[in-house]
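# Take a look and give me a structure for this.
(4 chains)
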Protein chains: 2
Amino acid sequence: MSRSASAEQGSRATVTPKAVRETALTLFARVGYHGTTMNDIARELGIKKPSLYVHVRAKQDLLRDLILETEERLLAEFHEAVASTDDAREQLRRAMEAAVRRHALHPRQALVGNRDMSALDEPHRERVHELRVEHERSFRSIIERGTEQGVFDVESPRFASFALLEMAVSVARWFDPAGPASADELARQYGEFAVRLVGGVSRRRTAKRSG
Amino acid sequence: MSRSASAEQGSRATVTPKAVRETALTLFARVGYHGTTMNDIARELGIKKPSLYVHVRAKQDLLRDLILETEERLLAEFHEAVASTDDAREQLRRAMEAAVRRHALHPRQALVGNRDMSALDEPHRERVHELRVEHERSFRSIIERGTEQGVFDVESPRFASFALLEMAVSVARWFDPAGPASADELARQYGEFAVRLVGGVSRRRTAKRSG
DNA sequence: CCTACCGATCGGTAGG
DNA sequence: CCTACCGATCGGTAGG
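Numbering: from 1, shown residues only, chains lettered A, B, ... in the order given. Take a look at the predicted model:
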C-alpha cells in the first residue's frame, strides 16, 4: 500500500508526536479506531511499534486529543460566525457556512468524531457529547428566533436543526477538497440550502424563477 | 450491562441464525464491526462463542448479509416511491420520504452501513458501492429534470443530491422511533425540506408567510 | 529508536 | 450446545 515519504527513507528520528497524530488521524478515518492497530500506525511512519510509545502514552490518547480538539474548534468557529450579525437569516447562513467549511477542509476529523465516539473513554465522551448538545442548542435557537420573527417558516426547529447540522458534517463523506469546487463554494451553496430549508427568503438567490 | 431475555433464562436451544444476526446488528451499530467480538455476540445471546458457529460461518458473513440486504431494500423502496408519479417535485418528495422512513425505522442498519463499509471484504464492498452510486445518480436525475423544467432552482444538482441523501441517512443518528414524533411525521417534514432545498414551491406549505 | 517479551484476547476449529 | 485449544495479533512494557 501507499506509505508516507518518511516511511520510505532510511533517515531516522524524523518522527514527531505531531506526525504520529497525523498518521493516526488518517488511519482512524479510513478504518476506524478499532480497525487501526498501533502496528499499522508505526508501519506507516516507518518505525517499529514500541517506538511509538516514545511520542504517545496510549492509543486512547490519540483519539481523545483528536476528537476534543476538533469539537472545540467547531464550536469556537460557530460562535465566531454567529457573533458577526444580529439577523437570524444571516446567522443561520454563516453558522452553516462555518460548519461546512470546517468539515470540507478537515474531513478526517469529522469522520472520526462521528464514527469513533463510542470508542472514547469516559469522562471524555461525556464532555464531547456536552459540546455537541451545546452546538445543536445554539444552532436551534437561531431557527427558533427566526421563526418567532416571521423570517423563517418551520414546523419543528428541532428537526430542522438536526437536518442542517447532519447535512453539514456529512460533506466529509463525499466532498473532495482537491476537486473542481472549492470548500468556500460548497459552503456558500450549503448556506443557501440552510436558508431555503427553514423557509427563509434568500437575498443571494442566483436565478430568478419568473421563467 | 443489559442483556436480552434469552441471555438471562436457563432455557437452551433458543438461539437461531436470525437471533444471531439481530444481536450482531445491535452491537455493530453500537461499537462498530471491529469493536464487536464474537464473544460479545455470544454473551449477549447467553451462549458460548464456539456455539455461534453452528448458526453462522464467519463474522464477516454477518456484516455482508446485513449491509447488502439493507442497501437493496433502500434502493427498491426508492424505485417504488419514484414510480408512483411523473412529477419531479412529487418524485423528489416521495423519494425523500421513503429514505427517511427507512432510516428512521431501521437506524441500526443505516449506522452500520455507513460506518463499517471499510470492514466489508471485496467484492461485496464494491457491490454496495455500486448500489449507492446508482441510488445517488437516480436521485440526482430527478433534481436535474426538475431544474430543466423550471420547477426547481438549483446551482449544483450534485451538491443538492448529496446534501439530501446524507440528510436522510443521518436521521439514524438522532431520531428516536419510540419518541413523541412518528417516523411518518419525520418523513413528511423531511420531504418538505427536500422540496424547499431545491427551490421548489411546495403544495403542502403549512403556514402562509403573508403575515 | 530497537529487540524481546508480557498477559490478554482475537476469529475460528476439533471433537464431542 | 459445550470444553479445550489453535496460531495470530492486540496494546503496552522492559531494558537497553
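
# Pull the number of nearby residues for residue A:123.
Using other C-beta atoms under 10 Å in any protein chain shown, the number of residues around residue A:123 comes to 9. Any C-beta I mention is one placed from the backbone N, CA and C, and that applies to glycine too.

# Residue A:38 now?
For residue A:38, the tally of surrounding residues (other C-beta under 10 Å) stands at 17.

# which residues sit in contact with it?
By C-beta atoms under 8 Å, 6 or more residues apart in numbering or on different chains, the residues touching residue A:38 are A:49, A:52, A:59.

# cool, residue A:186 as well?
Residue A:186 neighbours (C-beta under 8 Å, 6+ apart): A:100-101, A:104, A:171, A:175, B:159.

# go again using 7 Å as the cut-off
A:100, A:104, A:171, A:175, B:159 (C-beta atoms under 7 Å, 6 or more residues apart in numbering or on different chains).

# Relative to residue B:162, how far out is it?
Using C-beta to C-beta, to the nearest Å, residue A:186 is found at 10 Å from residue B:162.

# hmm, which helix or strand of chain A has the shakiest average pLDDT?
Here the helix or strand of chain A ranked lowest by mean pLDDT, DSSP states H and E is helix A:5-8, holding a mean of 44.

# Tell me the first helix or strand C-terminal of that helix.
Per DSSP states H and E, the first helix or strand lying C-terminal to helix A:5-8 is helix A:17-31.

# Mind listing what's buried along that next one?
A:19-21, A:23-29, A:31 (16 or more other C-beta atoms under 10 Å in any protein chain shown).

# what does chain A have sitting close to DNA strand D?
Taking C-beta under 7 Å from any atom of the strand as the contact definition, chain A meets DNA strand D at A:36-40, A:49-50, A:53, A:57-60.

# 10 Å instead, please
A:33-43, A:48-54, A:56-62 (C-beta under 10 Å from any atom of the strand).

# Now the buried members of these.
Among the residues of chain A next to DNA strand D, those classed as buried by neighbour count (16+ other C-beta under 10 Å) are A:33-36, A:38, A:40-43, A:52, A:56, A:59, A:62.

# Can you add distance to residue A:192 and pLDDT and give those residues back as JSON lines?
Below are those laid out as JSON lines (distance: C-beta to C-beta, whole Å; pLDDT from 0 to 100):
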{"residue": "A:33", "distance to residue A:192": "35", "pLDDT": "98"}
{"residue": "A:34", "distance to residue A:192": "38", "pLDDT": "98"}
{"residue": "A:35", "distance to residue A:192": "37", "pLDDT": "98"}
{"residue": "A:36", "distance to residue A:192": "37", "pLDDT": "98"}
{"residue": "A:38", "distance to residue A:192": "44", "pLDDT": "98"}
{"residue": "A:40", "distance to residue A:192": "41", "pLDDT": "98"}
{"residue": "A:41", "distance to residue A:192": "40", "pLDDT": "98"}
{"residue": "A:42", "distance to residue A:192": "45", "pLDDT": "97"}
{"residue": "A:43", "distance to residue A:192": "44", "pLDDT": "97"}
{"residue": "A:52", "distance to residue A:192": "45", "pLDDT": "97"}
{"residue": "A:56", "distance to residue A:192": "42", "pLDDT": "97"}
{"residue": "A:59", "distance to residue A:192": "41", "pLDDT": "98"}
{"residue": "A:62", "distance to residue A:192": "37", "pLDDT": "98"}
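
# Closest one of these to residue A:166?
Using C-beta to C-beta, residue A:33 is the member of those that lies nearest residue A:166, at 21.1 Å.

# Could I get the buried ones among the residues of chain A next to DNA strand D in CSV, plus columns for distance to residue A:80?
Below are those laid out as CSV (distance: C-beta to C-beta, whole Å):
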residue, distance to residue A:80
A:33, 30
A:34, 34
A:35, 35
A:36, 33
A:38, 36
A:40, 36
A:41, 33
A:42, 38
A:43, 39
A:52, 35
A:56, 31
A:59, 33
A:62, 27
